[in-house]
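S.K.: next input, structure requested:
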Amino acid sequence: METLSTELKDGGPETTRRRQGGFTLVELLIVVIILGIIAAIVVPQLSTSTSDAKMSALDSDLARLRSAVDLYYQQHGHYPGNAAASGATCPSGGTAGAGTIADAANRGTSFAEQLTMYTNAAGQACSTTDTTFRYGPYLKAATLGAAGLPKNPFTDSRAVSVVTSGNLVMASASTTGGWLYDATIGKLIADHQDYDDR
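M.R.: Numbers count the residues shown, from 1 in each chain. Here you go, the predicted structure:
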């Protein structure tokens, strides 16, 4: 301590401290430019990963639905949506399926109920099980019917459009539907013109 005070008295080197008040304008501009370059690189990657995630979810959901359709066929001898899900007398106060095969909308209801509810050998659906309603459910879901089907990740729709032509192809340039299904051959695709070949 004595040495320091001696140096200051004798005119030796002064120990002054300069206080910096922050970044200069040039330093800030460099940081902003670097952040802009990083953002230009990262943002497209994020949108690509979102699309990749949706594609992965679509592939997974299609595989799960197709597996359920195949298992239903193995146990019933016909594809879901080919027989009415309605008309059952359910055990233990269960709720019977409501889907018929009168038209495409009712076939879609039958398809969903036959995959998410218990079924008998004829394909009639019920929310409860016993020795008669011993098949299924093929998809585990918190809710029954169409609400129990997975959503198409590109359209956010669970709707099932059912045809019985035996040759399932996109009929129109749809980008809003859920799933397209042919009850004659059991083929299931995404109801989206860009992803119907999955």
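
S.K.: what bits of this protein have low per-residue confidence?
M.R.: 1-20, 46-48, 169-175, 197-198 (pLDDT under 70).

S.K.: just the helices in it please.
M.R.: According to DSSP state H, the chain carries its helices in the segments 2-9, 25-76, 104-116.

S.K.: okay, these, which one's buried deepest?
M.R.: helix 104-116 (a mean of 26; mean count of other Cβ atoms under 10 Å). Heads up, the C-betas are built off the backbone N, CA and C, glycines and all.

S.K.: so what's residue 80 up against?
M.R.: Contacts for residue 80 (Cβ atoms under 8 Å, 6 or more residues apart in numbering) come out as 69, 72, 73, 110, 111, 114, 115, 123, 183.

S.K.: now the residue nearest to it when sequence neighbours are not counted: how far from residue 136?
M.R.: Leaving aside its sequence neighbours, residue 80 sits nearest to residue 114 (Cβ to Cβ, 6 or more residues apart in numbering; 3.9 Å). To residue 136, residue 114 is 7 Å away according to Cβ to Cβ, to the nearest Å.

S.K.: so how far does stretch 132-146 reach from one end to the other?
M.R.: End-to-end distance of stretch 132-146 (Cα to Cα, to the nearest Å): 23 Å.

S.K.: so which bits of it are buried?
M.R.: Of the residues in stretch 132-146, 132, 133, 135, 136, 137, 138, 139, 141, 144, 145, 146 count as buried by neighbour count, 16 or more other Cβ atoms under 10 Å.

S.K.: residues contacting the residue sitting nearest the centre point of the chain?
M.R.: By Cα atoms, centre = their mean, the chain has its centre lying nearest to residue 153, at 4.0 Å. By Cβ under 8 Å, 6+ apart, the contact list for residue 153 reads 54, 57, 58, 61.

S.K.: now for residue 114 and residue 136: what residues contact both?
M.R.: Joint contacts of residue 114 and residue 136 (Cβ under 8 Å, 6+ apart) are 72, 125.

S.K.: rewinding a little: now the residue nearest to the centre of the chain: phi and psi?
M.R.: As for residue 153, its main-chain torsions (degrees, to the nearest 10) stand at phi -70, psi -20.

S.K.: what about the nearest residue to residue 79 once chain neighbours are set aside, how many neighbours?
M.R.: Excluding its sequence neighbours, the residue lying closest to residue 79 (Cβ to Cβ, 6+ apart) is residue 186, at 4.2 Å. By other Cβ atoms under 10 Å, the residues close to residue 186 number 18.

S.K.: measure the residue nearest to residue 154 when sequence neighbours are not counted to residue 120 for me?
M.R.: Nearest residue to residue 154, sequence neighbours excluded (Cβ to Cβ, 6+ apart): residue 192, at 5.2 Å. Distance, residue 192 to residue 120, using Cβ to Cβ: 34 Å.
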